[in-house]
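**Student:** Below are the sequence and a predicted model for it; my questions follow.
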Amino acid sequence: MPELPEVETIKRILAPQLCGRRVENVQIRNAQVIAHPRAETFAERLTGKMITGLSRRGKFLRIELENGGLVCLHLRMTGQLMVTPAEFSEEKHTHLIAALSDGNQLRYIDVRRFGRFWYLDKGETDAFTGLERLGIEPDDPGLTADYLYGKLGTKKKCIKEMLHDQSVVAGIGNIYSDEILFDAGVCPEKKCSELRADQWNRLAVSIPKIIAWGIETDAMTPEEYLAGKGREYRNMPELKVYGRAGMPCRRCGSPLKQLTIGGRSSCFCPECQKS
DNA sequence: CTAGCTTCCTGATAGC
DNA sequence: TGCTATCAGGAAGCTA
């Protein structure tokens, strides 16, 4: 499931393959991946437009067009965006294919079909994408202990759940929330209202640190990208806790524990994350 | 305002 | 072998 570091990786890989290319035509195989406007209109608006830039905000990707129009997309759980030569065989669950002026194709593949696309004309604000309610980026200098405390200090929900609130810090999902809490030495079940000042301080350090580390370890060469046909965006970072239930903690050796918190599986070290 | 539940989807896996 | 049940999860939308 792509989180901020993977979306950033996708952006960096795709930007040089998309910028300066014109969208020649758009085939939408499954209209449900288009959230706004209607699929036909979406295809019409894109056709003939030159791609001028790619940007990321939280887990959203934005494809900027020459007319000031914007394609926003969210990959959710299983969405994959890739540029391939037109002759590459088509993956199962391909929902959108945009032919580009250099002969390549931009393809969207999504097994579970949770991902969504929006097209916004220049200045258009009426279509709700979710982008508008995003909080600050993890690398924003405004991400301080005070900021976190101000947003979450009175919340009764546990910190693990609240780290997923995109309106506080944008881009954190289930993998990186586990990694951040381990780095900060904070128990995922701890209620926000019960966190101490030193724990807010450590979270304010760990959030940008772990997200930056994720981006670094995801970094992929164009050769690696092509070898995987662009399907894999995570270069297998050495995760400390996520998915390692029962295995020894990399810091203290104690067996890592798994719990379901707010409907999400959560892994942590009961020794290193006692409070 | 918050908490809690449901929805969307398919593939992997477990149990019989 | 083949069936059914369960689970995974980002975020919106709903009710209470």
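**Tutor:** Alright, I've got the coordinates.
**Student:** Now do the contacts for the residue in the stretch 101-250 of chain A that DNA strand C sits nearest to.
**Tutor:** Closest to DNA strand C within the stretch 101-250 of chain A is A:Gly130: 2.8 Å, counting by Cβ to the nearest atom of the strand. Using the backbone N, CA and C atoms, a C-beta is placed for each residue, glycine as well. Residues near A:Gly130 by Cβ atoms under 8 Å, 6 or more residues apart in numbering: A:Phe60, A:His74, A:Gln166.
**Student:** what subset of the residues you listed is also close to DNA strand C?
**Tutor:** A:His74, A:Gln166 (Cβ under 7 Å from any atom of the strand).
**Student:** what residues are up against the nearest residue to A:Leu239 once chain neighbours are set aside?
**Tutor:** Nearest residue to A:Leu239, sequence neighbours excluded (Cβ to Cβ, 6 or more residues apart in numbering): A:Glu179, at 6.2 Å. By Cβ under 8 Å, 6+ apart, the residues touching A:Glu179 are A:Ile210, A:Gly214, A:Leu239, A:Lys240, A:Val241, A:Tyr242.
**Student:** For A:Val26, give its distance to DNA strand C.
**Tutor:** 24 Å (Cβ to the nearest atom of the strand, to the nearest Å).
**Student:** do the helix or strand containing that residue and DNA strand B meet?
**Tutor:** Secondary structure from DSSP states H and E places A:Val26 in strand A:23-28. No - Strand A:23-28 does not reach DNA strand B (Cβ under 7 Å from any atom of the strand); its nearest approach is 14.1 Å.
**Student:** ok, what's across the strand from A:Cys72?
**Tutor:** A:Arg62, A:Trp118 (DSSP bridges).
**Student:** Mind listing residues that contact stretch A:188-205?
**Tutor:** With Cβ under 8 Å, 6+ apart as the criterion, stretch A:188-205 contacts A:143-145, A:147-149, A:152-160, A:162, A:177-178, A:180-181, A:184-186, A:259, A:261, A:266, A:268, A:273, A:275.
**Student:** Tell me which entries of those lie within helices.
**Tutor:** Among the contacts of stretch A:188-205, the members found in helices (DSSP state H) are A:145, A:147-149, A:152, A:159-160, A:162, A:177-178, A:180-181, A:184.
**Student:** Next, count neighbours for A:Leu148.
**Tutor:** 23 (other Cβ atoms under 10 Å).
**Student:** number of nearby residues for A:Lys155?
**Tutor:** For A:Lys155, using other Cβ under 10 Å, the count is 16.
**Student:** State the phi and psi torsions of the closest residue in space to it that isn't next to it in sequence.
**Tutor:** Residue nearest to A:Lys155 in three dimensions, not counting chain neighbours: A:Cys192, with 4.0 Å by Cβ to Cβ, 6+ apart. As for A:Cys192, its main-chain torsions (degrees, to the nearest 10) stand at phi -50, psi -40.
**Student:** quick one: A:Cys192 from A:Ala98, how far?
**Tutor:** 43 Å (Cβ to Cβ, to the nearest Å).
**Student:** of those two, who's got more company?
**Tutor:** A:Ala98 (24 against 21).
**Student:** From what I see, A:Ser177 and A:His164 are in contact.
**Tutor:** Yes - with contact defined as Cβ atoms under 8 Å, A:Ser177 counts as touching A:His164 (6.1 Å).
**Student:** check contacts around the nearest residue to A:Arg251 once chain neighbours are set aside.
**Tutor:** Distance criterion Cβ to Cβ, 6+ apart; nearest residue to A:Arg251, sequence neighbours excluded, is A:Cys272 at 5.4 Å. Going by Cβ under 8 Å, 6+ apart, A:Cys272 touches A:Phe182, A:Gly185, A:Cys249, A:Arg251, A:Cys252, A:Ser254.
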